[in-house]
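# Next input, structure requested:
(4 chains)
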4 protein chains.
Amino acid sequence: MPAWVKINMLREPKVSRPALVQGLPGLGFVGKLAVGYLIDELNLKPFAEIYSSYLVLPDGNTGVQIREDGTYYLPRIELYEVTQSKKHAILITGEVQPTIHGQYELVSQILDLAQRYGCDLVIALGGFQTPVERELGKVYGVFNNHNLESTLKSLGVEITRSGAITGACGVILGLGNQRSLPSIGLLGATRGEYPDMEAARSVLKVLTKILGLELNFARLDKQIAELKSRLEAIRRIQAEAFPRMPPERKPSDKSPFYI
Amino acid sequence: MPAWVKINMLREPKVSRPALVQGLPGLGFVGKLAVGYLIDELNLKPFAEIYSSYLVLPDGNTGVQIREDGTYYLPRIELYEVTQSKKHAILITGEVQPTIHGQYELVSQILDLAQRYGCDLVIALGGFQTPVERELGKVYGVFNNHNLESTLKSLGVEITRSGAITGACGVILGLGNQRSLPSIGLLGATRGEYPDMEAARSVLKVLTKILGLELNFARLDKQIAELKSRLEAIRRIQAEAFPRMPPERKPSDKSPFYI
Amino acid sequence: MPAWVKINMLREPKVSRPALVQGLPGLGFVGKLAVGYLIDELNLKPFAEIYSSYLVLPDGNTGVQIREDGTYYLPRIELYEVTQSKKHAILITGEVQPTIHGQYELVSQILDLAQRYGCDLVIALGGFQTPVERELGKVYGVFNNHNLESTLKSLGVEITRSGAITGACGVILGLGNQRSLPSIGLLGATRGEYPDMEAARSVLKVLTKILGLELNFARLDKQIAELKSRLEAIRRIQAEAFPRMPPERKPSDKSPFYI
Amino acid sequence: MPAWVKINMLREPKVSRPALVQGLPGLGFVGKLAVGYLIDELNLKPFAEIYSSYLVLPDGNTGVQIREDGTYYLPRIELYEVTQSKKHAILITGEVQPTIHGQYELVSQILDLAQRYGCDLVIALGGFQTPVERELGKVYGVFNNHNLESTLKSLGVEITRSGAITGACGVILGLGNQRSLPSIGLLGATRGEYPDMEAARSVLKVLTKILGLELNFARLDKQIAELKSRLEAIRRIQAEAFPRMPPERKPSDKSPFYI
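Model prediction:
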């Protein structure tokens, strides 16, 4: 597999010493949802697209996705800039993770690009799988530099003490550290069973504080409230239909898994 | 896997600003059958061959196929030129698709070659899987440029609104778009269960109109008629042998799949 | 997988316009046995070794094999020269085939090396799987040049009319043809169930005629006779132990397979 | 997969004509335990780290491991120097083996680095799987140079006569030999069922003699004694709980396997 990677600059981003914030799909879609909300709310347009043979359709095939208007697009990673914040940022998102063989190569090229604009902070967003009810809502953090530890703690982030962060989320933290870039992982606790907007909101609240960004969470709050009431309705209907069912078995306390 | 790709120029093609028309094997062999009929009917000879470690035998092995005269050949992609049309064309065909890891690399090299001759239009031919009887015969289209949409509609092509186009057919559309080449996918509706000459004819009729090419469809019409009468005969024999069999179960209306 | 290939020249071969003769392990070990007998009988020493990450242990792992004296060796391909013949030759053999992803790369490098010495003929030895008793002993041939056809026929070789030649044996024929080198495949008919010395002898007899090489087959004849008498003894013992067993079922006449 | 390999020099090692000693995880963790004890006992700090897309987490994923303090690290190979010995040494260790596709590339780069410091001896440590009780404690050896054979014998090493050494342990021996570096494999006999500190001690005793290194084995002896008494206690408890259980079935005398 040759390293077919192409970065398409749509325009020059107007960022200065940005943080690089990665939100690719992963556990509970936490990172992607968080970055996606930011993009929607700030009405951002991508400044660069990355195409690569390492980016395949969700079914593992190469090819294009068709849009509702009859146009189509290759799987890609998109880069956006945030300049509304005290700390500028470059956001990375997309519909797919790079395949395992391309993560080092792609993430390296993204770090190269970000460093051309003076990037001095890497923030990887992701999910932290937990079956423990009381952990939901929390944000777990890792860091490569003990100065960052106190920042994280002051923002209410719990420090992670074991486990692994897999996929592009882990690789960008690893390669950021390798380049001596201060690097933070923010992992929203999630059951990981469906796209978890609550975990994304928790992560996003920490992120906006780090970046010094005013963000309106009203739309996200409303979406979460709606989803909750829909789920509640479903539960009620099920309870009426099967009144004598035993209470739902708690998932086992298996060791946490992050992505 | 190193990028072992070799383009063998057999002669210089005499094309000017050609369309690049891809008809590799895929769903219902629609693209390959369409290009194959064009090659036979116009009595074309290849001007280039592409050999690659990404082109393997249909069973997935490397090796050569043996011909009836005792000679043999490596799996390859062949390029032909069409100059009998108002719009010149380069046709791409072969007996195999590149392996998934080589599609970006191979298609890139083919686009490089075509652009050396001023290629300004990419047309990918393929099949569109449908279980719906009334869709058979139709041609579905995607495009990367809204000028192309009206052309397609004026030729009776239905615009596709969802799904994916996988394999080299999707990749050439994606990379064509990436190079800002106007790009069209023409997908013949097919059950995809056998080489579908009717779907190929439908696609070929649209293609010849786009290229401004006079093509004699008599031989193809005859082949289709013969095939239909053979299938009809088989059905009659089966009906006589098993008179009380229930009517054939309609395939389920599963979501369409393109290649 | 990077293209890790290293050719270790042990000395300069003294060949002039040699044929390149490949005998790697394959169906019935025909090619390897033929080249191996030639090496033993002519008491040849390798002039070059090829090491590569594409050459793995028979179990698919990387590593080294241990010899009886406590030394060890990496999987490798060895090259020998034959100068006792009218037509000089370079022999290729080894204990393993390159992995499928490395066959184009490795075979290309071997052809490069051979062409530096003026190689003007490629001969790939292999097996031709057949369940048909009366075909055993025959040698089947393919070629890329009709001048070679009459040579093959005059040596009693049957021309192959269909099928495929897979693996490095097929790839060297394909790439030889691609470089416009006259290329011949000699395939000994074999059941392919065990290392087939008789098929190797048949192939070797044709090869020595092509090369104009005097070769003493006495040792090979003796080995075959011994093997036959051992197999015959086993059959007799079985027949006495199970006298009423039905005759061995003939293998089905499935389509032939070559390697 | 592109050859993404990065060697991070933390400082210049002060070695002169060192032996290169590899102790990566493998059968019974023999090599890794031996090198690990050396590092702990001599209180060594790494002078270089190697990062690579060929080094993945134990579960096969890319990503980072999280430490107890909330920091994290990419899978990597570490290099240490030993200068307390008559023969200087560079130690290679890590938590993972390179993936099979990267072993040639990574080991080549490590040999390049070692040879820049005048490396003139390769020693690969590993396990030798045996079900035979009386072989436990023994060290088996391979070598590429008959001068080394007498050295090994004089140190009580048994010469291995067959089999294979797989993984990076085999590849470093193979590539060392290829570069004409005297190369030794020291394989501690082990059941391979758990991290085998006794086999590691046996191997380490031979290694320290070869290097002319004074090493205090007291801590290792104590660890082994503690482990033995714990295992003995477990056996006693089991014997009391299930007094009539038949004696443990001896593992079959299957052919040995090395790593």
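# List the buried residues of the lengthiest helix in chain A.
Of all the segments assigned as helix in chain A under DSSP state H, the longest by residue count is helix A:218-241. Neighbour-count burial for helix A:218-241, counted by 16 or more other C-beta atoms under 10 Å in any protein chain shown, picks out A:220, A:224. Placement of C-beta: from N, CA and C, glycine included.
# what about it, distance to the chain center?
When distances are taken as C-alpha atoms, centre = their mean, to the nearest Å, helix A:218-241 is centred 24 Å away from the chain's centroid.
# do stretch A:21-33 as well
In terms of C-alpha atoms, centre = their mean, the gap separating the centre of stretch A:21-33 from the centre of its chain is 3 Å.
# where along chain A do the helices fall?
For chain A, applying DSSP H gives helices covering A:30-42, A:103-116, A:146-154, A:167-178, A:197-211, A:218-241.
# Now for A:Gly36, how many residues are close by?
Using other C-beta atoms under 10 Å in any protein chain shown as the criterion, A:Gly36 is surrounded by 17 other residues.
# Surely it is in contact with A:Leu24?
No - counting by C-beta atoms under 8 Å, A:Gly36 does not reach A:Leu24; the two are 10.9 Å apart.
# Figure out which of the helices of chain A is closest to chain D.
helix A:167-178 (3.0 Å; C-beta to the nearest C-beta).
# Mutual contacts of A:Gly36 and A:Leu24, please.
In the contact map built from C-beta atoms under 8 Å, 6 or more residues apart in numbering or on different chains, the residues linked to both A:Gly36 and A:Leu24 are A:Thr93.
# Single out the most deeply packed of the helices of chain A.
Of all these, helix A:167-178 carries the top mean neighbour count, a mean of 27, counting by mean count of other C-beta atoms under 10 Å in any protein chain shown.
# Name the residues that touch it?
For helix A:167-178, contacts defined as C-beta under 8 Å, 6+ apart pick out A:20, A:22, A:24, A:26, A:31, A:97-98, A:103-104, A:106-108, A:110-111, A:122, A:124-126, A:142, A:144, A:164-165, A:182-185, A:258-259, D:6, D:8, D:51, D:61-64, D:72-74.
# hang on, the earlier thing: reformat the helices of chain A into JSON lines and put mean pLDDT next to each item.
Supplementary listing: the helices of chain A in JSON lines, determined by pLDDT from 0 to 100:
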{"stretch": "helix A:30-42", "mean pLDDT": "97"}
{"stretch": "helix A:103-116", "mean pLDDT": "95"}
{"stretch": "helix A:146-154", "mean pLDDT": "94"}
{"stretch": "helix A:167-178", "mean pLDDT": "95"}
{"stretch": "helix A:197-211", "mean pLDDT": "97"}
{"stretch": "helix A:218-241", "mean pLDDT": "88"}
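# Quick one: these as TSV, columns for distance to C:Gly170 too.
Rendered in TSV, the data for those read as follows (distance: least, C-beta to C-beta, whole Å):
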stretch	distance to C:Gly170
helix A:30-42	46
helix A:103-116	32
helix A:146-154	57
helix A:167-178	39
helix A:197-211	53
helix A:218-241	58
